[in-house]
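Participant: give me coordinates for this.
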Amino acid sequence: MTPVILLAAEKESAEVTDWAARIGWVVGLALFVALVYWLMREGWKWRGTLQGDLPELPGAPDDPGPVRLSMSGRYHGSTTAGQWLDRIVAHGLGTRSRAELTLTEAGLDVVRPGADDFFVPADALRGARLDKGIAGKVLTEGGLLVVTWAHGERLIDSGFRSDHAAEHNQWVEALNHMIVKTEGAR
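Facilitator: Predicted structure coming up:
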C-alpha cells in the first residue's frame, strides 16, 4: 500500500510554459465582455431614443390632499400596458429603485431615492392588479402590484413590490375604487 502513496506523492502537474497564449486569451475574453457590455448600453440608449415621444413626467402638486395609503418597497420598472416585456426606459422609468408610494385624492406619488420621482394624476389612473411579472422581474403569482396609467398617448404598466406583500390587495382595492370614482366624475 505504501508504494501507491509514494507514486501519487511524486506526481506533479505540468508547468505552464506558454504565458503569452494565456495572457492573450484573458485579454481577448476581457475585450469580449467589454464589447457585450457596450452593446447592451447602446441598446438601452437606443430604446430611450425610440421612446422620445413620451412627454416629461409630471411632478407632485404642492397640496395633494390627505394621504389615503402609503407604502415603501421597490419600483421594478414600467412597460407598455399589456406587454410585460416591452420596458420603457425614457425619463428614467426603466431604472429599478427603492420607492415610497403615497396615494392621495390628487393621485399616486412615487418617490424614488437615487432616481427621478414621478406623479400619476388621479385622472390618468386606469387600473391596478396583482401580477407575477414585469420586464426584468418575475415573482410568485400576485407578488407584484401593477398600476396601469395613461401618459401622453400611451398606457403604461408600472410594477411595485411592497416590503409587506400583504398590503398589495388593499392597494388594488383603493386604486380601483378611486378610478371608478374619478371616471364617474368625468
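Participant: find the nearest non-adjacent residue to P58, please.
Facilitator: F119 (4.9 Å; CB to CB, 6 or more residues apart in numbering). Every C-beta, even on glycine, is put in place using the N, C-alpha and C of the backbone.
Participant: how far away is that neighbour from W84?
Facilitator: In this view, F119 and W84 are 23 Å apart by CB to CB, to the nearest Å.
Participant: likewise for G133?
Facilitator: Counting by CB to CB, the gap from G133 to W84 is 6 Å.
Participant: pull the distance from the strand or helix carrying the residue nearest to P58 to the chain's centre.
Facilitator: Per DSSP states H and E, F119 falls inside strand 118-121. Here strand 118-121 is found 17 Å from its chain centre; the criterion is CA atoms, centre = their mean, to the nearest Å.
Participant: quick check: mean pLDDT of whichever helix or strand comes after it?
Facilitator: Downstream of strand 118-121, the first helix or strand assigned by DSSP H and E is strand 125-131. The average pLDDT for strand 125-131 rounds to 90.
Participant: partners of the following helix or strand past strand 125-131, with directions?
Facilitator: For strand 125-131, the succeeding helix or strand toward the C-terminus, using DSSP H and E, is strand 133-134. Here strand 133-134 is paired, per DSSP bridges, with strand 137-138 (antiparallel).
Participant: average pLDDT for the strand it pairs with?
Facilitator: 75.
Participant: next secondary structure after that strand?
Facilitator: Counting by DSSP H and E, what follows strand 137-138 is strand 144-151.
Participant: now the angle from that next one to strand 125-131?
Facilitator: 160 degrees (axes from the mean of the first three to the mean of the last three CA atoms, to 10 degrees).
Participant: run through who's touching the helix or strand just after strand 144-151.
Facilitator: Sequence-wise, the next helix or strand downstream of strand 144-151 (DSSP H and E) is strand 154-162. For strand 154-162, contacts defined as CB atoms under 8 Å, 6 or more residues apart in numbering pick out 54, 71-82, 84, 88, 93, 99, 101, 110, 120, 126, 131, 133-134, 137, 139, 143-150, 168, 171.
Participant: many thanks, I have nothing further to ask.
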